[in-house]
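Trainee: Got a predicted structure plus its sequence, pasted below:
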Amino acid sequence: MLNRRTLIGAVATGALLAAGTVAFATTTAAPYSQRAFDAAQSAGKPILLHVTAPWCPTCRAQKPILSVLESQPKYKDMVAQDIDFDTSKDLLRRLHVTQQSTLIVYKGKTEVGRSTGDTDMMSIEALLDKAV
């Protein structure tokens, strides 16, 4: 049974978590650059490619999740790049991507995982963990 103190604490915690999510609502991902991608692969860095579109509600839901995750120390070396779904058709064909809201992770030159349409923080974190 919830008492008043527990309920107030739960509401305050929820408000703090929501405020933290809003504070990180912008991802640190740069627009896709083949040169930067190649350099990150050659350096053996973890890489996240996010195929996104401005009209995509799932992409919008992924951005604050990615922002929160990217701010964690374990992802400090991850190179994150956004690929525009509407303007990068040749690149998307090369990457075998057919839908926006696709996340692809690399460990150096090796693709280690991908997902499409995922908005669950824990499963996105598990995907990013494959690259670090």
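Mentor: Arrived safely, thanks for sending. Numbering: from 1, shown residues only.
Trainee: For stretch 100-118, the averaged confidence score.
Mentor: Stretch 100-118 shows a mean pLDDT of 97.
Trainee: now swap in stretch 69-79 and tell me
Mentor: 94.
Trainee: From one end of that stretch to the other, what's the distance?
Mentor: End-to-end distance of stretch 69-79: 13 Å, with CA to CA, to the nearest Å as the criterion.
Trainee: List the buried residues in that stretch.
Mentor: 69, 70, 75, 78, 79 (16 or more other CB atoms under 10 Å). Every residue, glycine included, has its C-beta placed from N, CA and C.
Trainee: can you check stretch 115-132 too?
Mentor: Per 16+ other CB under 10 Å, stretch 115-132 contains these buried residues: 115, 118, 119, 124, 125, 127, 128, 131.
Trainee: From the chain's centroid, how far away is it?
Mentor: Here stretch 115-132 is found 8 Å from its chain centre; the criterion is CA atoms, centre = their mean, to the nearest Å.
Trainee: What of stretch 101-109?
Mentor: With CA atoms, centre = their mean, you get 10 Å for stretch 101-109.
Trainee: After the lowest-mean-pLDDT helix or strand in the chain, heading C-terminal, what element do we hit next?
Mentor: Every helix and strand in the chain was compared by mean pLDDT, DSSP states H and E; the lowest is helix 4-23, with a mean of 43. Downstream of helix 4-23, the first helix or strand assigned by DSSP states H and E is strand 30-31.
Trainee: From the rest of the structure, what touches that next one?
Mentor: 36, 80, 81, 82, 84 (CB atoms under 8 Å, 6 or more residues apart in numbering).
Trainee: That strand: how far from the chain's middle?
Mentor: Worked out by CA atoms, centre = their mean, strand 30-31 lies 12 Å from the chain centre.
Trainee: That strand pairs with which strands?
Mentor: Strand 30-31 sits in its sheet next to strand 79-84 (parallel), going by DSSP bridges.
Trainee: Which residue ranges of this structure form strands?
Mentor: Along the chain, the segments classed as strands by DSSP state E run 30-31, 46-52, 79-84, 102-107, 110-116.
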